[in-house]
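Enquirer: generate a structure from the sequence data that follows.
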Amino acid sequence: MSGATIHRRRLVSAVAVALCASAAAGQAQSPAKPDLDRHEFVIENFRFEDGKTLPRAVVVYGTYGKLNPDRSNAILLPSHYMADHHGYDWLIGKGGALDTTRVFLVMTELFGNGKSSSPSNTPEPFHGPRFPAATIRDNVEAVRRLLQDGLGISHLRAVIGFSMGAEQAFQWAVSHPDFADRIVATSGTARCWPHGMVRLDAEIAAITGDPLFKGGDYTEQPKAGVQQFALIWAGWLFSQEWWRRELWHQMSTPETTFDQFVANLTQNFIPHADANDLILQARMWRRHDVGSTPGFGGSLAKALGAIKVPFLYLPSATDLYFPVTDARYEAGLMKTGTLVPIPSLWGHPAGAGLDPTDRQFLNDRIRTFLAGPRTKR
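Expert: Below is the predicted model:
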């Protein structure tokens, strides 16, 4: 294999890490992928919040470790944007906060990632743009059924989530306040704030504006629109200082130019992703607001104030997707929250340990937090 080919593969792998914030196989600073079992949980006639009912909803998930006899050692790790069940490898294995000889990990995949039920893999009459307008709460409800009905788990040691996984962690804390002993949220907030809505609207418009999109009933992927989506995404992914210091060289080689790095970001954006799937999850992200949970009258303050269990809130100090100022505001509404910003220049991916220093910071804090006392039941 030529040096150029190795370099190209390394950069593409690093780009995938940055975009999905999950560890890449073969990247030197990333831990090895742990062994896991992949499963599918099927829910018959699953009703979404928009009123549509899928005759057969599928939740794909991976499991790590062994569930103990009394089913008390389970930790849930809900996936982030377009990720699969390898999205939390940075927490597992040597040096990681999660020891699979002691805990049983359940890593679930969001609706719309192309593997769980999605616009791209669901038959008519719900194929493509006709798929239900899935919400974070829809995902939480589906996973609750997986845990209770599929795995016989009625209580969790913890819920740990990054990005859209953090959104789910917040929703778990509000919708099911007694289900988990502890909650951890990294690089994600309790609602999508207006600044984030502008970004998501721009990304969605980039795809829908491609003539090939055809209202979502395309016969070939709207590649130009997806690349424009990726270019907008890239501009918000890392911090301004990260770009000024040219820290992309830590993900590639010293010879990689700015233009080459950005071209790889846009041309290798979540390989094989379907345009309708990208849009579904972007709209899911945009709708997120725990204040809209039934019983709270649209009040974020009431919803966050109702969280009962210890909550470790780990925003990235330089995240443009989920600004630390939003996290500070939300933390001020919580009674059980501990806010610990990640001191990083890596922007949003700091919350998934893309940089080794951030990975160590996260694992140390999460390990210490999980060692605290369990909730009395």
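Enquirer: alpha carbons only for contacts and neighbour counts from here, please
Expert: Noted.
Enquirer: now the element after the helix or strand of the chain with the lowest mean pLDDT, going C-ward?
Expert: For the chain, using mean pLDDT, DSSP states H and E, the weakest element among its helices and strands is helix 3-20, scoring a mean of 44. Next in sequence after helix 3-20, counting helices and strands by DSSP states H and E, comes strand 37-47.
Enquirer: just for the chain, where's the confidence low?
Expert: 1-35, 375-377 (pLDDT under 70).
Enquirer: which stretches in it count as strands?
Expert: Under the criterion DSSP state E, the chain contains strands at 37-47, 53-64, 74-78, 104-108, 156-162, 180-186, 311-314, 337-339.
Enquirer: now the angle between strand 74-78 and the fourth one, please.
Expert: Meaning strand 104-108. For strand 104-108 against strand 74-78, the angle by axes from the mean of the first three to the mean of the last three C-alpha atoms, to 10 degrees is 20 degrees.
Enquirer: show me what strand 104-108 is packed against.
Expert: For strand 104-108, the packing partners by 3 or more C-alpha pairs under 8 Å, 6 or more residues apart in numbering; DSSP states H and E come out as strand 53-64, strand 74-78.
Enquirer: centre of the chain to the shortest one, how far?
Expert: Same thing as strand 74-78. 13 Å (C-alpha atoms, centre = their mean, to the nearest Å).
Enquirer: kindly reformat the strands of the chain as CSV containing mean neighbour count and distance to residue 133.
Expert: Shown next, in CSV, are the strands of the chain (neighbours: other C-alpha atoms under 10 Å; distance: least, C-alpha to C-alpha, whole Å):
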stretch, mean neighbour count, distance to residue 133
strand 37-47, 15, 11
strand 53-64, 20, 11
strand 74-78, 26, 19
strand 104-108, 26, 19
strand 156-162, 26, 22
strand 180-186, 26, 24
strand 311-314, 25, 28
strand 337-339, 18, 31
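Enquirer: rebuild those as TSV, extending it with distance to residue 361.
Expert: Below are these laid out as TSV (distance: least, C-alpha to C-alpha, whole Å):
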stretch	distance to residue 361
strand 37-47	28
strand 53-64	23
strand 74-78	18
strand 104-108	21
strand 156-162	14
strand 180-186	12
strand 311-314	10
strand 337-339	14
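Enquirer: picking that back up, including distance to residue 101, could the helices and strands packed on strand 104-108 go into JSON lines?
Expert: Putting those into JSON lines (distance: least, C-alpha to C-alpha, whole Å) gives the following:
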{"stretch": "strand 53-64", "distance to residue 101": "9"}
{"stretch": "strand 74-78", "distance to residue 101": "12"}
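Enquirer: closest to residue 256 out of those?
Expert: Taking C-alpha to C-alpha, strand 74-78 is the member of those nearest to residue 256, at 33.9 Å.
Enquirer: and the residue nearest the centre of the protein?
Expert: residue 80 (1.4 Å; C-alpha atoms, centre = their mean).
Enquirer: for that residue, phi and psi?
Expert: phi -110, psi -170 (degrees, to the nearest 10).
Enquirer: residues touching it, list them.
Expert: Contact partners of residue 80, counting by C-alpha atoms under 8 Å, 6 or more residues apart in numbering, are 20, 87, 109, 110, 161, 162, 163, 164, 165, 166.
Enquirer: you'd agree the fourth one is up against residue 140?
Expert: Right, the one you point to is residue 110. No - Residue 110 is not in contact with residue 140 according to C-alpha atoms under 8 Å; the separation is 9.2 Å.
Enquirer: who wins for proximity to residue 191 among the helices and strands packed on strand 104-108?
Expert: Nearest of these (C-alpha to C-alpha): strand 74-78, 16.5 Å.
Enquirer: between that closest one and strand 53-64, how many degrees?
Expert: Using the same axes, to 10 degrees: strand 74-78 against strand 53-64 is 120 degrees.
Enquirer: export strand 74-78 as PDB, just CAs?
Expert: Output of strand 74-78 as PDB, limited to C-alpha atoms (Å, rounded to 0.1, in the frame of the first residue of the first chain):
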ATOM      1  CA  ALA A  74     -26.700  -1.700  33.300                       C
ATOM      2  CA  ILE A  75     -25.600   1.700  31.800                       C
ATOM      3  CA  LEU A  76     -27.300   3.200  28.800                       C
ATOM      4  CA  LEU A  77     -25.300   5.000  26.100                       C
ATOM      5  CA  PRO A  78     -27.700   6.500  23.500                       C
END
